[in-house]
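Q: Output the structure for:
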Amino acid sequence: MMAANHNSTAHNTDSDKATANAGQQSRLRLIVISTLILLPGLALFISAGLWQLGRAEEKRILLDTFVQADKTPLTGIPESKDRAEELLFRRFSLSGSYRADQQILLDNMVSDGVVGFQVLTPLELPDGRIVLINRGWVAGERGRGMLPYVEVSDEPRTVTGRLAFLPEPGIRMDTPAESSAGEAWPRRMTWPQAADIAAALGLSDAAALQDWQLLLDADAPDGYARDWQPETMGPETHLGYAVQWFSFAALALIIYTLFHLRWSRRK
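A: Just a heads-up that it's a prediction; the model follows:
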């Protein structure tokens, strides 16, 4: 009788050990699986947050560059695109004559919530090079087929403004700008690149057209609405996005911790 009880006790002990081992293995699998899910998510959230912080710093530097450009003396025309990038937002003066009969209207330009055009007028310099002068924003007519009146004199003049590059869309599709050689002037174009404009102007030497524009000073004559600011998202917005991504990372850690604490208490 005693032997039977001993065998029963031994059997129960082995069963308890087996159950405990199974529970430990189940817990280990749960930890491994949940950790493998957590780590990529944390890496993604933290990387995105750090990227947004980097973008915020870039935008801060860009805005500082824009402000500091007013404190620098006027400079001459840059000789290359690399040099133009170094002189971004710097103010300088050019002398030449407008190609008044070949103007570009940049379509889908928004000012105070109103869709209109930015007026690009080619300025031909004495050496034959051409610079696009952005004379500002003008509202579009109610009918999309009607273009605003933007005529200007082609008499020699000196213009002063800030160096900037042509506006670009958030995502550029592989479609040509809206323009053709048979169209009348001024010519409406959507997000054109310098090469598109050079082709529209019929330039045999595309390099004659500089691949940047001059934002005409607000007090210069023959211009339209010109409240020039860097066309960019402010650093505060990027900081807000960074906080969101870091919050996601913190939330993931909290959920992970609470899940395991609850699971342990259940067991």
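Q: got the contact list for residue 69?
A: The contact partners of residue 69, by Cβ atoms under 8 Å, 6 or more residues apart in numbering, come to 89, 90, 91, 162. No exception for glycine: its C-beta is placed from N, CA and C like everyone else's.
Q: Pick out the most distant pair among the residues you listed.
A: Taking Cβ to Cβ as the measure, the contacts of residue 69 reach their widest spread between 89 and 91, a distance of 8.0 Å.
Q: any common contacting residues for these two?
A: Joint contacts of residue 89 and residue 91 (Cβ under 8 Å, 6+ apart) are 69, 162, 163.
Q: Report the buried residues of stretch 134-147.
A: 134, 135, 136, 137, 138, 140, 147 (16 or more other Cβ atoms under 10 Å).
Q: Over to stretch 229-243?
A: Buried, per 16+ other Cβ under 10 Å, within stretch 229-243: 235, 238, 239, 241, 242.
Q: Strands along the stretch 51-200 of the chain, start to end?
A: With strands called from DSSP state E, counting those that start in this stretch, the stretch 51-200 of the chain shows them at 91-98, 104-111, 114-124, 130-139, 157-164, 187-189.
Q: can you redo the ones you listed as a markdown table with distance to residue 218?
A: Below are the strands of the stretch 51-200 of the chain laid out as a markdown table (distance: least, Cβ to Cβ, whole Å):
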| stretch | distance to residue 218 |
| --- | --- |
| strand 91-98 | 12 |
| strand 104-111 | 14 |
| strand 114-124 | 14 |
| strand 130-139 | 8 |
| strand 157-164 | 9 |
| strand 187-189 | 24 |
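Q: Please name whichever of those is nearest to residue 246.
A: Here strand 104-111 is closest among those (Cβ to Cβ), at 31.8 Å.
Q: Where does confidence bottom out across the buried residues of stretch 134-147?
A: Lowest in pLDDT among the buried residues of stretch 134-147 is residue 140, which has 80.
Q: pLDDT wise, what is the residue nearest to it when sequence neighbours are not counted at?
A: Spatial nearest neighbour of residue 140, excluding adjacent residues (Cβ to Cβ, 6 or more residues apart in numbering): residue 116 at 4.7 Å. At residue 116, the model reports a pLDDT of 91.
Q: What of residue 252?
A: For residue 252, pLDDT reads 89.
Q: can you check residue 231 too?
A: 68.
Q: just for the protein, where's the confidence low?
A: 1-23, 26, 73-75, 142-144, 170-182, 231-233, 263-264, 266-267 (pLDDT under 70).
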